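In: Quick one, fold the following:
(one chain, ligands or ions: 1)
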Amino acid sequence: MKIPATIVTGFLGAGKTTLIRHLLQNAGDRRIALIINEFGDLGVDGGILKGCGIESCSDDDVVELSNGCICCTVADDFVPTMQALLARETPPDHIVIETSGLALPQPLVRAFAWPDLKTRVTVDGVVTVLDGPAVAAGTFAADIAAVDRQRAADDGLDHETPLSELYADQVACADMIVVNKIDLMGDPAPLIARLRGEARAGVQVVPAEMGALPAEVLLGRGQGAEDDLAARHEIHHHHHHHDDDDDDHDHDHHHEHGHDAFESFVVETAEIADPAAFAARISDVVRRHGILRLKGFASVAGKPMRLTVQAVGPRVDHYFDRPLNGDARGVRLVVIGQAGLDRAAIAADLQASPIPA
Ligand SMILES: Nc1nc2c(ncn2[C@@H]2O[C@H](COP(=O)(O)OP(=O)(O)OP(=O)(O)O)[C@@H](O)[C@H]2O)c(=O)[nH]1
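Out: So this is what the prediction gives:
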């Protein structure tokens, strides 16, 4: 029996970690191993999922890949990690892979066709999480897609923007599309209907709040996506060919797909006094600097709990998630945006110090 693996993809901040957290809480007695890949090097998603107090999820079952985007380091990073998981004395019942918000799912699916993996694991399904209100409102990928349609009509331009490429690729690869954050939007029905048109035939499009879908809906789809790659073609066109690899597997696709169009950095500052004021400051900074995603942890003077801070666009969530235990007091945030962020100004506006990359 092959071990099924579910790939969870979707743009920065769409709700992948939240959906996985809910899944783990409702996984029953399935033993699920997680492979997490983040853009930005703070390990926030791993930090949220590890030590989360969920019984079905021990720290050992969470593996973080942090040497770059999973779809570009498939051979170096992902395949060895999978082999190590499979070699465990008690292999997991199911593997869940959270890609970075900038990853293309196709190269990852393709890796499952490698001889080493093909006999032992199969892609149970590709779940693409979308930020429902953002896509509906035409922010993020959607309005850029509209710009691209205009650009496509112009013969002088042949590239799509990185954001719309990612969106299109993540939708094209999906077996299931989750329209998340429906609590923040009106009737999701029109968007769901539109997405059914954009996706491959038969792809399920389901609404969700906080990624709350039954484990039975997410797992056990049995798609065998690795045998079905042609139907899930990439739409993007950035191919930067490297000449250092004459491997006969067409595995990592040799692309950068516009990663260089995005950047991330970490800022640190002293612990804060007032979470609400801090969130308001972050919201202002995010808006002023066009930051796509900001997340991290903070300690609050006199409080024993860790504050998790999350911004997706101008919306900022903050909540105490667990005791600080031995964590150093202070603030560590990862800031992600399109290339050209003014790091010094952002750090100054956050009253923080940027950490050199
Ligand atoms: N209101 C609302 N907030 C949500 C929902 N789902 C997720 N969020 C919030 O959105 C933020 C981002 O969620 P994550 O689950 O970390 O998103 P992600 O896709 O894993 O983010 P990256 O790994 O950075 O790409 C967090 O503050 C979540 O609490 C939802 O359905 N409704």
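In: Up against the ligand, what does the stretch 101-250 of the chain have?
Out: Gly101, Asn180, Lys181, Asp183, Leu184, Glu209, Met210, Gly211 (Cβ under 6 Å from any ligand atom). For the C-beta atoms, the positions are set from N, CA and C on the backbone; glycine is no exception.
In: I figured Phe320 was touching Arg306, is that so?
Out: Yes - between Phe320 and Arg306 a contact is recorded at 6.6 Å, counting by Cβ atoms under 8 Å.
In: more neighbours, the two?
Out: For Phe320 versus Arg306, neighbours defined as other Cβ atoms under 10 Å are more numerous around Arg306 (20 against 15).
In: ranking the residues of the stretch 101-250 of the chain next to the ligand by neighbours, who comes first?
Out: Going by other Cβ under 10 Å, Asn180 tops those with 30 neighbours.
In: Spit out the contact partners of the spatially closest residue to it that is not a sequence neighbour.
Out: Counting by Cβ to Cβ, 6 or more residues apart in numbering, Asn180 lies nearest to Gly15, which is 4.1 Å off, once chain neighbours are set aside. If a contact means Cβ atoms under 8 Å, 6 or more residues apart in numbering, then Gly15 has Val129, Asp131, Val178, Asn180, Lys181, Ala208, Met210, Gly211 as its contacts.
In: Tell me the predicted confidence for Ala142.
Out: Per-residue pLDDT puts Ala142 at 38.
In: does Asp321 count as helix, strand or coil?
Out: Following DSSP: H, G, I helix; E, B strand; the rest coil, we place Asp321 in the strand state.
In: ok, the nearest residue to Arg200 once chain neighbours are set aside to the ligand distance?
Out: Once flanking residues are discounted, Arg200 sits nearest to Ala231: 5.9 Å by Cβ to Cβ, 6+ apart. Distance of Ala231 to the ligand, computed by Cβ to the nearest ligand atom, to the nearest Å: 25 Å.
In: you'd agree Ala273 is up against Ala301?
Out: Yes - taking Cβ under 8 Å as the definition, Ala273 is a contact partner of Ala301 at 5.1 Å.
In: hang on, the earlier thing: between Phe320 and Arg306, which contacts overlap?
Out: What both Phe320 and Arg306 touch, as defined by Cβ under 8 Å, 6+ apart, is an empty set.
In: picking that back up, can I get the residues of the stretch 101-250 of the chain next to the ligand in a markdown table including pLDDT, secondary structure and distance to Ala137?
Out: Shown next, in a markdown table, are those (pLDDT from 0 to 100; DSSP: H, G, I helix; E, B strand; the rest coil; distance: Cβ to Cβ, whole Å):
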| residue | pLDDT | secondary structure | distance to Ala137 |
| --- | --- | --- | --- |
| Gly101 | 87 | coil | 18 |
| Asn180 | 97 | strand | 14 |
| Lys181 | 97 | coil | 11 |
| Asp183 | 97 | helix | 15 |
| Leu184 | 94 | helix | 10 |
| Glu209 | 98 | coil | 17 |
| Met210 | 97 | coil | 19 |
| Gly211 | 97 | coil | 20 |
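In: Can you give me the pLDDT of the residue nearest to Asn180?
Out: 96.
In: again with Thr99
Out: 93.
In: OK, contacts around it?
Out: Contacts of Thr99 by Cβ under 8 Å, 6+ apart are Ile7, Val8, Thr9, Lys16, Asn37, Ile70, Cys71, Pro105, Leu108.
In: The ligand: which of those is nearest?
Out: Lys16 (3.5 Å; Cβ to the nearest ligand atom).
In: that older thread, output the contacts of Thr99 in CSV; the columns should cover secondary structure.
Out: What follows is the contacts of Thr99, written out as CSV (three-state DSSP):
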residue, secondary structure
Ile7, strand
Val8, strand
Thr9, strand
Lys16, helix
Asn37, strand
Ile70, coil
Cys71, coil
Pro105, helix
Leu108, helix
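In: Which members of those residues are the farthest-apart pair?
Out: Lys16 and Cys71 (14.5 Å; Cβ to Cβ).
In: Which residue, other than its chain neighbours, is closest to Gly125?
Out: Arg221 is the one closest to Gly125 (Cβ to Cβ, 6+ apart), at 3.6 Å.
In: Pull the number of nearby residues for the one you found.
Out: 19.
In: now Asp260
Out: For Asp260, using other Cβ under 10 Å, the count is 11.
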